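Q: here is my input; please provide its structure:
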Amino acid sequence: MSGAGAPSLDVDGAGLRVTVVAASWHTVVMDGLIEGARRALAAAHVTDVTWVRVPGTFELPVAARHAAEHADAVVALGVVIRGGTPHFDYVCQAATMGLTDVAVRTGVPVGFGVLTCDDEAQALDRAGLPGSQEDKGAEAAEAVIATVAALRASRLLP
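A: Residues are numbered from 1 along each chain as shown. From the prediction side, this is the model:
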């Protein structure tokens, strides 16, 4: 993980079934987030990965809900860029609350890789692209694997 105060996660996801649900809007940003998640999952030895693409960030919660039925962990990737209408606020809140609800109701950890940015430059800077300052796709994948590991270590998950 990057940024001040971010933990350093050394995760091993060997044997985990992970589903990545990713929005399709903002192709360049989404390609970076997906590639970051792909790198992090490979580095964590996760080989059983299902990839699901949905139209936008608003659709992530329903895809994550169905994915949770078949996975040990779900990674949700999306991006919402502020515009001139309240649409940004509604989509961000719906995605955040929906993904939280999926995790809480199913008990399946959901990695939150949804960028909520004021402009495209902020999104590009967080997308894990060459020159980006952050790699939020990788961070979401690492965080969800670390969460599964923590829950299993404490015997809260089988």
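Q: ok, longest helix in this protein?
A: helix 87-106 (DSSP state H).
Q: show me where this structure has its strands.
A: Ranges of strands in the chain, per DSSP state E, are 17-23, 48-54, 73-81, 110-117.
Q: the residue nearest to Val62 when sequence neighbours are not counted: neighbour count?
A: Excluding its sequence neighbours, the residue lying closest to Val62 (CB to CB, 6 or more residues apart in numbering) is Gly98, at 7.6 Å. (C-beta placed from N, C-alpha, C; glycine too.) By the criterion of other CB atoms under 10 Å, Gly98 has 21 neighbours.
Q: before we move on, back to that, and the strands of the chain as TSV, adding distance to Leu156?
A: Conversion of these to TSV gives the following (distance: least, CB to CB, whole Å):
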stretch	distance to Leu156
strand 17-23	18
strand 48-54	22
strand 73-81	14
strand 110-117	16
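Q: which of those strands sits most buried?
A: Counting by mean count of other CB atoms under 10 Å, strand 73-81 has the highest mean neighbour count of those, with a mean of 27.
Q: how far off strand 110-117 does that strand point, in degrees?
A: 10 degrees (axes from the mean of the first three to the mean of the last three CA atoms, to 10 degrees).
Q: one step back: name the residues of the longest helix of the chain that are buried.
A: Using 16 or more other CB atoms under 10 Å as the test for burial, helix 87-106 gives 88, 91-92, 94-96, 98-99, 102-103, 106.
Q: nearest to Ala67, out of these: which one, please.
A: Using CB to CB, Val102 comes nearest to Ala67 of these, at 8.6 Å.
Q: per-residue confidence at the closest one?
A: We have a pLDDT of 98 for Val102.
Q: quick check: it vs Val21, distance?
A: Per CB to CB, to the nearest Å, Val102 is found 10 Å from Val21.
Q: and the longest helix of the chain, what does it pack onto?
A: helix 60-68, strand 73-81, strand 110-117 (3 or more CB pairs under 8 Å, 6 or more residues apart in numbering; DSSP states H and E).
Q: re earlier: quick one: the residue nearest to Val62 and Leu60 touch, right?
A: Yes - assessed by CB atoms under 8 Å, Gly98 is found in contact with Leu60 at 7.0 Å.
Q: got phi/psi on the residue in the chain sticking out farthest from the centre?
A: No residue in the chain sits farther from the centre than Gly84, which is 26.0 Å out by CA atoms, centre = their mean. With angles defined as degrees, to the nearest 10, Gly84 sits at phi -90, psi 10.
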